[in-house]
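[1] Test case, fold it:
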Amino acid sequence: MSDWVILVDHPKDFPNEDTPHKVITTKDYLARTNLFRGSRPKIINLSRSFAYQSRGYYASLLAGARGHRVVPTVETMIDLADRSLYAQALPELEDQLVKARHEDGAIPARLLVMFGICADKRFDRFARLLFDWFRCPVLDVTIEETSRPEIRKLAAVSITRLAPDELAFFHKALHDRTRREWRSRKTRTPPRHSFAVLHDPREKMPPSNLASLKHWARIAEKMGVEVEPITRKDLARLAEFDALFIRETTSIDNHTYRFARRAVQEGMPVIDDPISMIRCTNKVYLQELMTGNGIAVPPTVILASHGDMERAADELGFPLVVKIPDSSFSRGVKKVGNAAEFDELAKAWFKDTDLLLAQKFMPTDFDWRVGVLGGKPLFVCQYTMAKHHWQIVKHQPNGKALEGGLRSMTIGEAPPEVIDIGLRAAQLIGNGLYGVDIKQTDDGFFVIEVNDNPNIEHGIEDAAEKDQVWIELTRWFVDRLEA
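    Below is the predicted model of the structure:
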């Protein structure tokens, strides 16, 4: 029996006796509260109506309360009930229709999309995008052709209203949606859990390379967990997994944030979660958060205009460090040696951002990094500066990056002050995975930043704590799934 459950209002609503999935009525699901106790089934709600306070509505509502993953969610039902609530998705969806029209020239007045699949292959990309926005089994799209295609209405459709050929296509789409071909044939027993790892095979400086992910997969398999790498094209598949680990460089304005948001909507444990991403990717926020909670940071002046630059120069002196709020991997961080360099850099950067940060330059031979997971130390490293440079990464004009050295040490070997300030800083962000960068000077320890997407590479960050790093990472997810 598969781990997918089909909910219908009446057994005759799902006329497919050969299905491997468990089929139950919404009435039974609502009444039998202990039906799936101790498990987390994936539920496809095929009720005849998703209207507010209907049986279908309550089925999805209680699925969320029971920790079951359900399609569609109550949030999706509410969004689809009112055009004003789904209007934000229409520009992107209509742009995809424009692209389809340019390729073929004809747009039908109606499209039926089932689990992100459309019978007309010309609209495959549109169908996937629609399912990314609204994860609903069957969606009816009404289109008006004017100077450009306009979506007049989106509506959920009951399978009881499908024509025979449409119903046949629905069962094909359902099969494609629920099949589990990715499981390793070498696995003797089915894994307890399956984790998705979002990565980009083409990323030059990923937080974990593919070899490290394969190493984690071998360790996780021994713990009854299956790990599968996925890419940005797999958003529609996300609900097939139990948890998500993002191993791409995160950003609020790209697909990594959408994956994190979708995982939270599915009730899945996720690293990095959306709140952590929002908090960590902005250095202005981190500066205010740390100082407001008594965490030592380098003396900093927030620059809102050129008028703040004189104060920054007076308070911080030269050289000083200028940062773009949402920079990462040492990009958007520059050292200026005098007022002329400061003015030139600020003029260029203020074209793209309303705020900048100026920080006191603190020269050191290395930076500490404390990896923190669930409020506990995971690893400790010292990163030395790149050769002839003041940062651990030196980005060259040719696009290459030179990195300094690294020394990994056990948590017990690290100075207690480093562990303490690292834990206190990370706990202000959340309960996930963080890398806290710390400078050690004659005046004490200072938090430079808290990263929501810290590097963990096999043989580097785990060199001292060994496989315990990956074991603890697996346990973090499993504990939340089995709580």
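
[2] What residues of the helix or strand hosting residue 344 count as buried?
    Assigning secondary structure by DSSP states H and E places residue 344 in helix 339-349. Taking 16 or more other CB atoms under 10 Å as the neighbour-count basis, helix 339-349 is seen to contain the buried residues 341, 342, 346, 349. The way it works is simple: take the backbone N, C-alpha and C, and place the C-beta from them, glycine included.

[3] And stretch 147-158, by the same measure?
    149, 151, 154, 156, 157, 158.

[4] Report the mean confidence score over that stretch.
    Stretch 147-158 shows an average pLDDT of 92 in the prediction.

[5] Residues in contact with it: which ones?
    The set of residues that contact stretch 147-158 without belonging to it, under CB atoms under 8 Å, 6 or more residues apart in numbering, is 13, 46-50, 72, 77, 80, 83, 86, 90, 93-94, 97-98, 101, 107, 112, 130, 134, 136-144.

[6] Which residue would you name as the spatial centre of this protein?
    When the chain is reduced to its mean C-alpha position, the nearest residue by CA atoms, centre = their mean turns out to be residue 260, at 2.7 Å.

[7] Quick check on it: phi, psi?
    Torsion angles at residue 260 (phi, psi; degrees, to the nearest 10) stand at phi -60, psi -40.

[8] Leaving out the residues flanking it, which one is nearest to it?
    In space, not counting the residues next to it along the chain, residue 260 is nearest to residue 274; the distance is 4.6 Å by CB to CB, 6 or more residues apart in numbering.

[9] Who are the contact partners of that neighbour?
    Here residue 274 is in contact with 257, 260, 261, 264 (criterion: CB under 8 Å, 6+ apart).

[10] Could you find which two of these are furthest from each other?
    Using CB to CB, the contacts of residue 274 span at most 10.8 Å, a distance reached by 257 and 264.

[11] higher neighbour count, those two?
    Legend: neighbour count by other CB atoms under 10 Å for residue 257 and residue 264, higher for residue 257 (18 against 15).

[12] continuing past the helix or strand containing the more buried one, what's the next helix or strand?
    Counting by DSSP H and E, the secondary-structure element that holds residue 257 is helix 255-265. Sequence-wise, the next helix or strand beyond helix 255-265 is strand 270-271, with elements assigned using DSSP H and E.

[13] May I see the buried residues of the helix or strand just after that next one?
    Following the chain from strand 270-271 toward its C-terminal end, the next helix or strand by DSSP H and E is helix 274-280. Buried residues in helix 274-280, counting neighbours by 16+ other CB under 10 Å, are found at 274, 276, 277, 278, 279, 280.

[14] can I have helix 274-280 written out in CSV, keeping just the CAs?
    Output of helix 274-280 as CSV, limited to C-alpha atoms (Å, rounded to 0.1, in the frame of the first residue of the first chain):
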residue,chain,number,x,y,z
PRO,A,274,11.9,31.6,5.6
ILE,A,275,12.2,33.6,8.8
SER,A,276,15.9,32.7,9.2
MET,A,277,16.5,33.7,5.6
ILE,A,278,14.9,37.1,6.1
ARG,A,279,16.8,37.8,9.3
CYS,A,280,20.2,36.6,8.2
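
[15] What residues sit buried inside the following helix or strand past it?
    Read in the C-terminal direction, the helix or strand following helix 274-280 is helix 283-292, with elements assigned using DSSP H and E. Applying a neighbour-count criterion of 16+ other CB under 10 Å, one finds 283, 284, 286, 287, 289, 290 buried in helix 283-292.

[16] and helix 283-292, C-alpha only, in PDB?
    Below are the C-alpha coordinates for helix 283-292, written out as PDB (Å, rounded to 0.1, in the frame of the first residue of the first chain):
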ATOM      1  CA  LYS A 283      23.000  43.000   7.700                       C
ATOM      2  CA  VAL A 284      21.100  46.100   8.900                       C
ATOM      3  CA  TYR A 285      18.600  43.800  10.700                       C
ATOM      4  CA  LEU A 286      21.500  41.800  12.200                       C
ATOM      5  CA  GLN A 287      23.200  44.900  13.400                       C
ATOM      6  CA  GLU A 288      20.100  46.100  15.200                       C
ATOM      7  CA  LEU A 289      19.300  42.700  16.600                       C
ATOM      8  CA  MET A 290      22.700  42.000  18.000                       C
ATOM      9  CA  THR A 291      23.300  45.400  19.600                       C
ATOM     10  CA  GLY A 292      19.800  45.400  21.000                       C
END
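
[17] For that helix, what does the pLDDT average out to?
    Averaged across helix 283-292, the pLDDT comes to 90.

[18] and the next helix-or-strand element following it, which strands flank it?
    The first helix or strand that comes after helix 283-292 along the chain, using DSSP H and E, is strand 300-303. Looking at strand 300-303 with DSSP bridges, its paired strands and their directions are strand 356-360 (antiparallel).

[19] hey, C-alpha coordinates of the strand it pairs with in CSV?
    As requested, C-alpha coordinates have been extracted for strand 356-360 and formatted as CSV (Å, rounded to 0.1, in the frame of the first residue of the first chain):
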residue,chain,number,x,y,z
LEU,A,356,24.7,50.9,3.6
LEU,A,357,26.7,49.9,6.6
ALA,A,358,30.1,51.3,7.5
GLN,A,359,32.0,49.3,10.1
LYS,A,360,35.3,49.7,12.0
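
[20] Give me the angle between that strand and helix 283-292.
    Per axes from the mean of the first three to the mean of the last three CA atoms, to 10 degrees, the angle that strand 356-360 makes with helix 283-292 is 50 degrees.

[21] what about strand 356-360, distance to the chain center?
    Strand 356-360 has its C-alpha centroid displaced from the chain centroid by 29 Å (CA atoms, centre = their mean, to the nearest Å).

[22] If we go by neighbour counts, what in the next helix or strand after it is buried?
    Secondary structure here is assigned by DSSP H and E; on that basis, the next helix or strand after strand 356-360 toward the C-terminus is strand 366-373. For strand 366-373, a neighbour-count test (16+ other CB under 10 Å) marks 366, 367, 368, 369, 370, 371, 372, 373 as buried.

[23] With stretch 155-175 instead?
    156, 157, 158, 159, 160, 162, 167, 169, 170, 171, 173, 174.

[24] Which of those fall within strands?
    The strands in this structure, assigned by DSSP state E, contain residue 156 from the buried residues of stretch 155-175.
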